[in-house]
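Chemist: Predicted model and sequence below, questions to follow.
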Amino acid sequence: MTGKPLGEEGLAFHPMAQFEITPLFGDGDISWYTPTNVTKWMGLSVLALVGLLVIGTRGRAIVPSRMQSVGELMYGFIYKMVEDIAGKDGVKYFPYIMTLFSFILFSNVLGLLPMSYTPTTHIAVTAVLAMLVFTFVTVLGFVKNGASFLGLFWVSSAPMVLRPVLAIIELISYFVRPVSHSIRLAGNIMAGHAVVKVFAAFAAVTIMSPLSIAAITAVYGLELLVAFIQAYVFTILTCVYLKDALHPNH
């Protein structure tokens, strides 16, 4: 025992340090208007999205390029999802859902680059996305259905004595939606990044580096899959909530 702190021996690592928010300019306090690493990578995600869906498809060739093929594949995939879940009435809201899916997907994928930051690991980002969805579908539900939107919470198929209790449960579960919607996305992405960081730290300081590198490669491939899955899950839940707003009695 040398008595040295663990950090001086090179064995200390902090897998959660990668999620710290830092200002882009200087080292001062962070305010709501301060450009940060989160701001930068959200901007890069938007630019990548514009590059694929706008610039990459501007030619609209009969024989599509690779970028046009990817854009058309994403378009068809999300369009069919919205149509299948929310119905024909939900198709008019396809642009919003497509934008939501694309932003989350690009944020997740770009966050796998070395020295990057994943905005969807930040609960404030995912909470804003979830609250936008919650507010949108709630307002839409009342605009489209009026007071009959409250029928979403009244389980008419249940025995009368249970309906008030079920209505309270349904109401609570409805207001919990943005919480679960945001935490699910941020938690899954954050957990995967932390695991990659842990294996990377072991690869740097232990004699089991080849095994750690193999584990990193496997986890990294899994994280790439999770990036798509979490964007899909967030979007499909949005479509389900949209269906409830358009057809609360079904």
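Modeler: Thanks, I have it. All figures in this text were calculated on a predicted structure; none of them were measured in a lab.
Chemist: Any stretches of the protein with poor pLDDT?
Modeler: 1-13, 202-209, 212, 250 (pLDDT under 70).
Chemist: any idea where the helices of this protein begin and end?
Modeler: Ranges of helices in the chain, per DSSP state H, are 37-50, 66-86, 94-110, 123-145, 163-205, 209-246.
Chemist: Return the set of buried residues in stretch 72-88.
Modeler: 74, 78, 81-82, 85-86 (16 or more other Cβ atoms under 10 Å). Every C-beta, even on glycine, is put in place using the N, C-alpha and C of the backbone.
Chemist: quick revisit: tell me which of the helices of the chain sits most buried.
Modeler: Of all the helices of the chain, helix 94-110 carries the top mean neighbour count, a mean of 21, counting by mean count of other Cβ atoms under 10 Å.
Chemist: May I see the buried residues of stretch 72-88 organised as CSV, with distance to Ile168 added?
Modeler: Output for the buried residues of stretch 72-88, formatted as CSV (distance: Cβ to Cβ, whole Å):
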residue, distance to Ile168
Met74, 40
Ile78, 35
Met81, 32
Val82, 31
Ile85, 27
Ala86, 27
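Chemist: out of those, who's nearest Leu211?
Modeler: Leu211 lies nearest to Met74 out of those, by Cβ to Cβ, at 36.7 Å.
Chemist: which residues sit in contact with that closest one?
Modeler: 53, 98, 101-102 (Cβ atoms under 8 Å, 6 or more residues apart in numbering).
Chemist: Asp244: what's it in contact with?
Modeler: For Asp244, counting by Cβ under 8 Å, 6+ apart, the contacting residues are 137, 141, 152.
Chemist: tell me the contacts of the first one?
Modeler: This means Val137. Val137 sits in contact with 238, 241-242, 244-245, where contact means Cβ under 8 Å, 6+ apart.
Chemist: Kindly recompute the last result at 10 Å.
Modeler: 93, 174, 177, 238, 240-246 (Cβ atoms under 10 Å, 6 or more residues apart in numbering).
Chemist: Widest-spaced pair of those residues?
Modeler: Going by Cβ to Cβ, the pair spanning these furthest: Tyr93 and Tyr174, at 19.1 Å.
Chemist: still on that earlier bit, switch the contacts of Met74 over to CSV; also include distance to Met67.
Modeler: Output for the contacts of Met74, formatted as CSV (distance: Cβ to Cβ, whole Å):
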residue, distance to Met67
Leu53, 9
Met98, 16
Phe101, 17
Ser102, 13
